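Peer 1: after the sequence you'll find the predicted model.
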Amino acid sequence: MNTHLVPDPGALTGSGGRPIEAVVFDLDGVLVDSFAVMRKAFTVAYAEAVGPGPAPFEEYNKHLGRYFPDIMRIMGLPLALEEPFVRESYRLAHEVTVFPGVTELLTELRARGIRLAVATGKSGPRARSLLEQLGLLPLFDHVIGSDEVARPKPAPDIVLHALDLLGAPAGAAMMIGDAVTDLISARGAGVLAVAAVWGATDANALLAENPDAVLGAPSDLSALLGPVTVS
């Protein structure tokens, strides 16, 4: 007899009540806690490319989720910061940690048959290197960096590309992010826009975007998707 998983009819669903088939995650602030590393890397890069004085990390932090060169343009800083920032990010990658509950959530989603991708403001090679180092890379079907699409977030391109690679319709997918740019990108792609506030630097800004769902912890997604039964 054939068996298949049936989602709880009261669970969060896509358009038309479709069960969720794919989840696209942002990386920093959602899967991993990299803020301390980013601060260190940005401070070193600023000193090398700009000179002495306090590095404006708080301002940089307001633009997280965007591609690094875009942040530099917004802040009026030289693109020369990118090379030392990336160098230091690689050097300090061993200090990045996985948020509690993330590994368990990803394992559960895969067991449910949900396809998983990462769509990050980082470059693809750096994101894949970090996830491999943390042991998370095998849990994802695809990891996409902002250097691998024509327009990075808040444009929808990176989410649309993820859906294309996953073979999932927008109406049965969600994007989980900790920045307003993530939610805008999700909405532009036609997927559910889900706010993760466990690592968010400005939860109020996320809530002001009226996300489709708010997650206070990774385990909250399991509860939103509801239990599954075998029939």
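Peer 2: Good, I have the coordinates.
Peer 1: contacts and neighbour counts: CA atoms only from here.
Peer 2: Fine.
Peer 1: the domain parsing of this protein - what is it?
Peer 2: Residue ranges for the domains of the chain, per automatic domain parsing: 5-33+97-230, 35-95.
Peer 1: which one of the ones you listed is the most hemmed in?
Peer 2: Most buried of the domains of the chain by mean neighbour count (mean count of other C-alpha atoms under 10 Å) is domain 5-33+97-230; its value is a mean of 19.
Peer 1: give me the most central residue, the protein.
Peer 2: With distances taken as C-alpha atoms, centre = their mean, the residue of the chain nearest its centroid is Asp26 (0.4 Å).
Peer 1: was I right to think that one contacts Gly177?
Peer 2: Yes. Using C-alpha atoms under 8 Å, Asp26 is in contact with Gly177, at 5.1 Å.
Peer 1: for the helix or strand encompassing Glu82, which outside residues touch it?
Peer 2: Counting by DSSP states H and E, the element that carries Glu82 is helix 82-91. Contact partners of helix 82-91, identified using C-alpha atoms under 8 Å, 6 or more residues apart in numbering, comprise Val37, Met38, Lys40, Ala41, Phe42, Val44, Ala45, Glu48, Phe68, Pro69, Arg126.
Peer 1: now do the contacts for the closest residue to Val143 other than its chain neighbours.
Peer 2: Spatial nearest neighbour of Val143, chain neighbours left out: Val118 (4.6 Å); criterion: C-alpha to C-alpha, 6 or more residues apart in numbering. The contact partners of Val118, taken as C-alpha under 8 Å, 6+ apart, are Val24, Phe25, Asp26, Leu27, Phe140, His142, Val143, Ile144, Ala162.
Peer 1: torsion angles phi and psi at the fourth one?
Peer 2: It stands for Leu27. phi -100, psi -70 (degrees, to the nearest 10).
Peer 1: kindly report the same for the first one.
Peer 2: Note on Val24: its backbone torsions stand at phi -110, psi 130 [degrees, to the nearest 10].
Peer 1: nearest to Pro56, of the contacts of helix 82-91?
Peer 2: Phe42 (8.7 Å; C-alpha to C-alpha).
Peer 1: what packs against the helix or strand harbouring that closest one?
Peer 2: Here Phe42, judged by DSSP H and E, is contained in helix 35-49. Helices and strands touching helix 35-49, by 3 or more C-alpha pairs under 8 Å, 6 or more residues apart in numbering; DSSP states H and E, are helix 57-61, helix 82-91.
Peer 1: of those helices, give the one that comes closest to Ser219.
Peer 2: Of all these, it is helix 57-61 that lies closest to Ser219, at 25.7 Å by C-alpha to C-alpha.
Peer 1: which residues are in contact with that closest one?
Peer 2: Residues contacting helix 57-61 (C-alpha under 8 Å, 6+ apart): Arg39, Phe42, Thr43, Ile71, Met75, Thr201.
Peer 1: distance-wise, check the third one relative to Pro78.
Peer 2: Shown here: Thr43 relative to Pro78, a distance of 14 Å by C-alpha to C-alpha, to the nearest Å.
Peer 1: same check on the second one?
Peer 2: In this view, Phe42 and Pro78 are 13 Å apart by C-alpha to C-alpha.
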